[in-house]
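K.L.:
Need a 3D model of the following:
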Amino acid sequence: MNEAGVPAGRVLVLDDEADIRAMLQRFLTAQGFEVRTVRSGAQLDQQLERQPWDLLLLDLMLPGESGLAICRRLRAQGQTIPILMLTARGNPADRVLGLETGADDYLPKPFVPSELLARVRAMLRRQGMLSRQAETAVAPALLRFGPYRFDLRRQELWKGEEPVEITTAEMRLLGALGATPNRPVSRLALLERAHGRDHDAHIRSIDVQVLRLRQLVEADVAAPRHIRTIWGLGYMLLAEPDA
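P.N.:
Numbering: from 1, shown residues only. Modelled structure (predicted):
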């Protein structure tokens with residue numbers, strides 16, 4: 001926790017060894033992180049659905065679904081959480097395979113806790129930089145989609161020359177989509193953009209919010225033209241800069 005009581009980051013740990021899970025939870029919690037441990041891919045999926053996490057520590061050698069298989073599956077689903085893979089196998093070929101599968105970094109066991117901490121902090125810094133770059137590479141202040149004109153700065157939506165009545169929640173979601181138009185945005189990213197990192201909403205609730213927004217701006221909700229579903233990734237607003 002920092003001086004404001006905010007965790008240094010939210011870390012998920014997936015390892016089938018109870019002593020490793022306990023050690024990592026004690027150590028990282030003492031360093032100011034919020035930590036949750038799980039022992040299977042199914043439990044991991046539940047945690048990823050419930051709330052946002054900043055980093056995943058993933059054991060390579062797991063019974064059932066392996067760490068490599070889990071990593072590959074998460075990336076195929078569009079999950080962008082940074083993954084630090086932990087393994088007792090120090091073979092360079094395993095390291096390359098893990099990175100090619102979608103892991104962001106690799107740390108062999110046994111590891112020195114201080115090195116783990118340095119890797120975690122470095123990964124979170126990189127992720128923070130990437131997030132800021134994505135947020136600053138935003139769309140123009142005005143966007144147009146179909147008959148609608150959206151002013152991101154003033155948070156106003158117009159249809160032709162008439163203002164559109166829109167709820168605060170709908171406006172936040174539209175702003176979250178409009179921050180990076182024509183680019184897929186994951187459900188988790190939409191929740192964080194619209195409601196902040198400390199939201200307690202279920203990640204799938206974004207589907208209901210998108211449906212309500214579509215009912216407002218789409219002529220045919222069953223065949224949306226402006227707010228597209230990107231299967232396995234999330235949603236995307238198709239819009240153009242408005243002069």
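
K.L.:
Report the next helix or strand after the lowest-mean-pLDDT helix or strand in the chain in sequence order.
P.N.:
Lowest on mean pLDDT, DSSP states H and E among the helices and strands of the chain sits helix 92-101, with a mean of 68. Using DSSP states H and E, the next helix or strand after helix 92-101 towards the C-terminus is strand 105-108.

K.L.:
Which neighbours in the sheet does that next one have, and how are they oriented?
P.N.:
In the sheet, strand 105-108 lines up against strand 83-87 (parallel) (DSSP bridges).

K.L.:
Any buried residues in the partner strand, and which?
P.N.:
83, 84, 85, 86, 87 (16 or more other Cβ atoms under 10 Å). Glycine gets a C-beta too; all of them are placed from N, C-alpha and C.

K.L.:
for the residues you listed, which one is nearest residue 188?
P.N.:
Nearest to residue 188 out of the buried residues of strand 83-87 is residue 83 (Cβ to Cβ; 14.7 Å).

K.L.:
got a pLDDT number for that closest one?
P.N.:
Note on residue 83: pLDDT of 91.

K.L.:
Roughly how far does it sit from residue 183?
P.N.:
22 Å (Cβ to Cβ, to the nearest Å).

K.L.:
ok, residue 119 touching residue 105?
P.N.:
Yes. The pair residue 119 / residue 105 is scored as a contact, 5.7 Å apart, by Cβ atoms under 8 Å.

K.L.:
okay, and the common contacts of those two?
P.N.:
Common neighbours of residue 119 and residue 105, using Cβ atoms under 8 Å, 6 or more residues apart in numbering, are residue 84.

K.L.:
in the chain, which spans are helices?
P.N.:
Taking DSSP state H as the test, the helices found in the chain are 18-30, 41-50, 67-76, 92-101, 113-136, 168-178, 187-195, 205-217.

K.L.:
Redo those as TSV? Include distance to residue 242.
P.N.:
Listed next are those as TSV, based on distance: least, Cβ to Cβ, whole Å:
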stretch	distance to residue 242
helix 18-30	46
helix 41-50	36
helix 67-76	35
helix 92-101	42
helix 113-136	20
helix 168-178	11
helix 187-195	21
helix 205-217	15
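
K.L.:
Check the ones you listed for me: which has the lowest mean pLDDT.
P.N.:
Here the helices of the chain differ in mean pLDDT, and the lowest is helix 92-101 at a mean of 68.

K.L.:
re earlier: wait, which of the buried residues of strand 83-87 is closest to residue 157?
P.N.:
Distances from residue 157 to the buried residues of strand 83-87, taken by Cβ to Cβ, are shortest for residue 83, at 37.8 Å.

K.L.:
How about residue 164: what's its closest non-neighbour residue?
P.N.:
Once flanking residues are discounted, residue 164 sits nearest to residue 157: 4.3 Å by Cβ to Cβ, 6 or more residues apart in numbering.

K.L.:
Tell me the spacing between the most far-flung residue of the chain relative to its centre and residue 148.
P.N.:
The outermost residue of the chain, judged against the average C-alpha position, is residue 161 (36.4 Å), by Cα atoms, centre = their mean. To residue 148, residue 161 is 12 Å away according to Cβ to Cβ.

K.L.:
Residue 227 now?
P.N.:
Residue 227 is 11 Å from residue 148, by Cβ to Cβ.

K.L.:
what do you get for residue 35?
P.N.:
Counting by Cβ to Cβ - residue 35 and residue 148 are separated by 44 Å.
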